[in-house]
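Engineer: I would like to see how this sequence folds:
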Amino acid sequence: MNPMTLRRSSSFVFALAFSMLSLTLPSCNGSKAFVKRAAKMEAAGMMPQAANLYYTAVMKKPTNIDAMMGLQR
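Structural biologist: I've put the predicted structure just below:
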C-alpha cells in the first residue's frame, strides 16, 4: 500500500472517530467550550475536527455567533 494512501486513510479514521466522540459528549460542555476547542483545532490546521465542534456548538445554542462564524470559515 502506498504510504500516502495509508496516511490519508488513517487521518480519515481519526477524523471520523473524533466526530463521533464530539457528538456523544455534547451534554458535558456548554456551547462556548465547544467553540474554544474548535478554535484550537482550527489554529492547528485540523479543519474537519474544528467544523464538527463548531457544528456541535451551534446545535447546543443556535444563537452562538462565534460558532456560526466558525462554520462559515
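
Engineer: the helix or strand where Asp66 lies: which residues count as buried?
Structural biologist: Assigned by DSSP states H and E, Asp66 falls within helix 65-72. Using 16 or more other Cβ atoms under 10 Å as the test for burial, helix 65-72 gives 66-67, 70. Placement of C-beta: from N, CA and C, glycine included.

Engineer: before we move on, what about stretch 29-49?
Structural biologist: For stretch 29-49, a neighbour-count test (16+ other Cβ under 10 Å) marks 29, 31, 34-35, 37-38, 41-42, 46, 49 as buried.

Engineer: between all of the residues you listed, which two are separated the most?
Structural biologist: Based on Cβ to Cβ, the longest span within the buried residues of stretch 29-49 runs between Ser31 and Met46 and measures 19.6 Å.

Engineer: how many neighbours does Lys60 have?
Structural biologist: When neighbours are counted by other Cβ atoms under 10 Å, Lys60 registers 18.

Engineer: quick one: it and Gly30 touch, right?
Structural biologist: Yes: contact criterion Cβ atoms under 8 Å: Lys60 and Gly30 qualify, at 7.0 Å.

Engineer: show me where the chain has helices.
Structural biologist: Taking DSSP state H, the helices of the chain run over residues 3-24, 31-43, 47-60, 65-72.

Engineer: mind putting those in a markdown table, mean pLDDT included?
Structural biologist: Below are the helices of the chain laid out as a markdown table (pLDDT from 0 to 100):
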| stretch | mean pLDDT |
| --- | --- |
| helix 3-24 | 65 |
| helix 31-43 | 96 |
| helix 47-60 | 96 |
| helix 65-72 | 96 |
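
Engineer: with just CA atoms, put stretch 41-57 into CSV.
Structural biologist: Provided in CSV are the C-alpha atoms of stretch 41-57 (Å, rounded to 0.1, in the frame of the first residue of the first chain):
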residue,chain,number,x,y,z
MET,A,41,-8.3,22.7,16.3
GLU,A,42,-8.7,25.4,13.6
ALA,A,43,-5.4,27.0,14.6
ALA,A,44,-3.7,23.6,14.4
GLY,A,45,-5.0,23.1,10.8
MET,A,46,-7.4,20.4,11.8
MET,A,47,-10.4,21.8,9.9
PRO,A,48,-12.7,18.8,9.7
GLN,A,49,-12.5,18.4,13.5
ALA,A,50,-13.0,22.1,14.1
ALA,A,51,-16.0,22.1,11.8
ASN,A,52,-17.6,19.3,13.8
LEU,A,53,-17.0,21.1,17.1
TYR,A,54,-18.5,24.4,15.7
TYR,A,55,-21.5,22.4,14.4
THR,A,56,-22.0,20.8,17.9
ALA,A,57,-21.8,24.3,19.4
